[in-house]
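Trainee: When you get a sec, could you give me coordinates for this:
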Amino acid sequence: MLNRAISEAFPEITDIGGVRPDSLKWHPQGLALDVMIPNSHTAGGKALGDRVVQFLLDNGKRLGLAHMIWRQRMINPDGSSSMMENRGGPTANHMDHVHVTSIGGGHGD
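Mentor: A predicted model of the protein is given here:
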């Protein structure tokens, strides 16, 4: 559901990861995606990631949004956010992708 909605809204994003092993429940249970942002280190890449976050906030209820992480910030469905600890690198700090989690059960209308 999330993957399809993001892919349709942002055709320039071609790399979206999902189920994988992890110590937290989100990826192993199929409730999380990593939306890789092309050229994330550039102003255009940051702007694209920001647009993805806004799209998800705007459609959060319909998509079953739980939370997101982008550029080392944990973002709640209400738009509030908090800075995260430094995890040591661009991918671990979510500088190159938007991590989005779902409560599941979103619907496609």
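Trainee: Who does the helix or strand bottoming out on mean pLDDT in the chain pair with, and is each partner parallel or antiparallel?
Mentor: Scoring the helices and strands of the chain by mean pLDDT, DSSP states H and E places strand 16-17 at the bottom, with a mean of 89. Using DSSP bridges, the strands paired with strand 16-17 are strand 32-36 (antiparallel).
Trainee: The longest helix along the chain: which residues count as buried?
Mentor: Longest helix of the chain, by residue count under DSSP state H: helix 43-58. Neighbour-count burial for helix 43-58, counted by 16 or more other CB atoms under 10 Å, picks out 46, 48, 49, 52, 53, 55, 56, 57. C-beta coordinates here come from the backbone N, C-alpha and C atoms, glycine included.
Trainee: quick one: stretch 13-22 to chain centroid distance?
Mentor: Chain-centre distance of stretch 13-22: 10 Å, with CA atoms, centre = their mean, to the nearest Å.
Trainee: With stretch 56-64 instead?
Mentor: Stretch 56-64 sits 12 Å away from the centroid of its parent chain (CA atoms, centre = their mean).
Trainee: where does the protein have low pLDDT?
Mentor: Scanning the chain for pLDDT under 70 picks out 28, 105-109.
Trainee: on that earlier part again, what are the C-alpha coordinates of the longest helix of the chain, in PDB please?
Mentor: What follows is helix 43-58, C-alpha atoms only, in PDB (Å, rounded to 0.1, in the frame of the first residue of the first chain):
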ATOM      1  CA  ALA A  43      19.500  20.500  -2.300                       C
ATOM      2  CA  GLY A  44      17.300  18.900  -4.900                       C
ATOM      3  CA  GLY A  45      17.500  15.500  -3.100                       C
ATOM      4  CA  LYS A  46      16.700  17.000   0.200                       C
ATOM      5  CA  ALA A  47      13.700  18.800  -1.300                       C
ATOM      6  CA  LEU A  48      12.500  15.500  -2.800                       C
ATOM      7  CA  GLY A  49      12.800  13.800   0.600                       C
ATOM      8  CA  ASP A  50      11.000  16.700   2.200                       C
ATOM      9  CA  ARG A  51       8.200  16.300  -0.300                       C
ATOM     10  CA  VAL A  52       7.900  12.600   0.400                       C
ATOM     11  CA  VAL A  53       7.600  13.300   4.100                       C
ATOM     12  CA  GLN A  54       4.900  16.000   3.500                       C
ATOM     13  CA  PHE A  55       3.000  13.600   1.100                       C
ATOM     14  CA  LEU A  56       3.000  10.900   3.900                       C
ATOM     15  CA  LEU A  57       1.900  13.400   6.500                       C
ATOM     16  CA  ASP A  58      -0.900  14.600   4.200                       C
END
